[in-house]
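*Asks:* I need the structure of the sequence given here:
(2 chains)
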Amino acid sequence: MEEDVRVDKKINIKGLVCPYTFVKSKLAVEDLEVGQVLEILLDSEEAARNIPKSMEDHGQKVLRLEKINETDWIIQVRKDKE
Amino acid sequence: MEFTEDQLQRYSRHIILPEVGGKGQKKILGAKVFIVGAGGLGCPVGYYLAAAGVGTIGMIDNDVVELSNLQRQIAHNTSRIGVPKVESVKTTFESLNPDVKVIALKEKITKDNIKDLIRDYDVVVDGSDNFPTRYLVNDACVMMRKPLVSGAILKFEGQVTTILPGEGHCYRCLFEEMPPAGLVPSCQEAGVIGAIPGVVGSLQAIEVFKLILGKGETLKNTLLIYDALRTTFRRVKVPKNPDCPVCGDKPTITELRDYDAGYCRI
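*Replies:* As a prediction, the model looks like this:
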């Protein structure tokens, strides 16, 4: 049912490394309203592992983590906490 | 306001903290902090506030840099001997972080100028080295309802407390009157290990950040005492005194007065 998720904002952080991957993702979540969904496109395997964990630690909900091709991942995060 | 790429890098370790984030960092960038004294405490407090991006830092000190300061006053350096301390810290802090504006005041803080000086600031930090100034700053902050982060050092010891007028204790709830001059250590006795103001100033800087961010618990109603020789931190409860002469129910000190010298400056 992943296709049914309504994405409110998309960011492309390909080329970035930690911690800027999370800095950019976190700032994008801050700009959302509670309940809205952010989609992150990234190409860092380390960030693909760490961003979902950090988002959950910060009280947000990770809806999707998927490797979409050889180099890239998609993460969808719903803002649950202001 | 959007962060520049440089700001994202500079403040990344703040932004990724849940208690700070982009919103908290913007609060820091918009904050105005007034520091009394550009010496042992003012140097580390100002250093960390500047590094963190506190947008406006006011500093007042009437002294020039002396060689004997450099053992502990880390924002100055050997080439600045003879330069006003506030000019020295302005150079250091503004070159550390271009987001910071330092307002350098080379003058004495007095009963006549203090209220105008602190009026536009969010938080006041006391890094002064003498009792008359300490009481003047306390009384002015109580009267103007300004949060005050007070620090003191001597030998191997340091003290920190946060005064939130109207909410918690003030310095006079703790020590109602200045100690008589004879009981204050003389200049010959008043040594200090150079890293002590570093510890105490860092604790003061942390108190300032908590006030700016509205996070955590400050040292309201608490005196924190650091004993470096024993390596202990002691928290002493300081209730607000309803009979306090400046912040009590019926204050007797309602105007600033001269808090005369006769004291050896430490």
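*Asks:* nearest residue to the middle of chain B?
*Replies:* The structure's chain B has its C-alpha centroid closest to residue B:125; by CA atoms, centre = their mean the separation is 2.5 Å.
*Asks:* please, which helix or strand holds that residue?
*Replies:* Under the criterion of DSSP states H and E, residue B:125 resides in strand B:123-126.
*Asks:* was I right to think residue B:215 contacts residue B:19?
*Replies:* Yes - using CB atoms under 8 Å as the test, residue B:215 is close enough to residue B:19 to be in contact (4.5 Å). Yep, even glycine has a C-beta here, placed from its N, CA and C like the rest.
*Asks:* please enumerate the strands of chain A.
*Replies:* Taking DSSP state E as the criterion, chain A carries its strands at A:9-12, A:37-42, A:61-67, A:73-78.
*Asks:* mind giving me the packing neighbours of the third one?
*Replies:* Going back to what we said before, that points to strand A:61-67. Identification of packing neighbours for strand A:61-67 by 3 or more CB pairs under 8 Å, 6 or more residues apart in numbering or on different chains; DSSP states H and E yields helix A:45-57, strand A:73-78.
*Asks:* and residue B:72, how close does it get to chain A?
*Replies:* 33 Å (CB to the nearest CB, to the nearest Å).
*Asks:* correction: residue B:2
*Replies:* With CB to the nearest CB as the criterion, residue B:2 and chain A are 9 Å apart.
*Asks:* so, low pLDDT: which residues of chain B?
*Replies:* When residues are selected by pLDDT under 70, those of chain B lie in B:183, B:185-189, B:260-266.
*Asks:* and if we set it to 50?
*Replies:* Confidence mapping of chain B against pLDDT under 50 gives the ranges B:266.
*Asks:* just chain A next, same as before
*Replies:* If you take pLDDT under 50 as the line, chain A has these spans: A:1.
*Asks:* what does it have sitting close to chain B?
*Replies:* Applying CB under 8 Å from any CB of the partner chain, we find that chain A lies next to chain B at A:19-20, A:22-24, A:26-27, A:30, A:54, A:57-59.
*Asks:* can I have the buried ones of those residues as a PyMOL selection?
*Replies:* Selecting in PyMOL just the buried members of these, where the criterion is 16 or more other CB atoms under 10 Å in any protein chain shown, is done with this command:
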select buried, chain A and resi 19+20+22+23+24+26+27+54+58
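*Asks:* widest-spaced pair of the residues of chain A next to chain B?
*Replies:* Maximum pairwise distance among those (CB to CB): 21.3 Å, between A:20 and A:59.
*Asks:* turn the strands of chain A into JSON lines, columns for mean neighbour count.
*Replies:* JSON lines is the format used below for the strands of chain A (neighbours: other CB atoms under 10 Å in any protein chain shown):
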{"stretch": "strand A:9-12", "mean neighbour count": "14"}
{"stretch": "strand A:37-42", "mean neighbour count": "21"}
{"stretch": "strand A:61-67", "mean neighbour count": "14"}
{"stretch": "strand A:73-78", "mean neighbour count": "21"}
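*Asks:* who does residue B:123 bridge with?
*Replies:* Beta-bridge partners for residue B:123, by DSSP bridges, are residue B:33.
*Asks:* list the contacts of it.
*Replies:* Contacts for residue B:123 were tallied using CB atoms under 8 Å, 6 or more residues apart in numbering or on different chains; they are B:31-34, B:146-149, B:208, B:211-212.
*Asks:* and the longest helix for chain B?
*Replies:* In terms of residue count, the longest helix belonging to chain B (DSSP state H) is helix B:195-213.
*Asks:* can you give me the buried ones in it?
*Replies:* Neighbour-count burial for helix B:195-213 [16+ other CB under 10 Å]: B:196-213.
*Asks:* all strands of the stretch 151-266 of chain B, in order?
*Replies:* In the stretch 151-266 of chain B, the strands defined using DSSP state E, counting those that start in this stretch lie at B:157-163, B:222-227, B:232-237.
*Asks:* which residues are contacting the second one?
*Replies:* The list of residues contacting strand B:222-227 from outside it, by CB under 8 Å, 6+ apart, reads B:156-162, B:174, B:196, B:199-200, B:203, B:232-238.
*Asks:* thinking again about what came up before, would you mind giving the helices and strands packed on strand A:61-67 as TSV with distance to residue B:191 added?
*Replies:* Supplementary listing: those in TSV, determined by distance: least, CB to CB, whole Å:
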stretch	distance to residue B:191
helix A:45-57	46
strand A:73-78	55
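*Asks:* leaving out the residues flanking it, which one is nearest to residue 57?
*Replies:* Since you didn't name a chain, this refers to chain A. Ranked by CB to CB, 6 or more residues apart in numbering or on different chains and with sequence neighbours excluded, the top spatial neighbour of residue A:57 is residue B:18, at 7.5 Å.
*Asks:* hmm, no, I was thinking of chain B.
*Replies:* According to CB to CB, 6+ apart, the nearest residue to residue B:57 is residue B:102 (5.0 Å).
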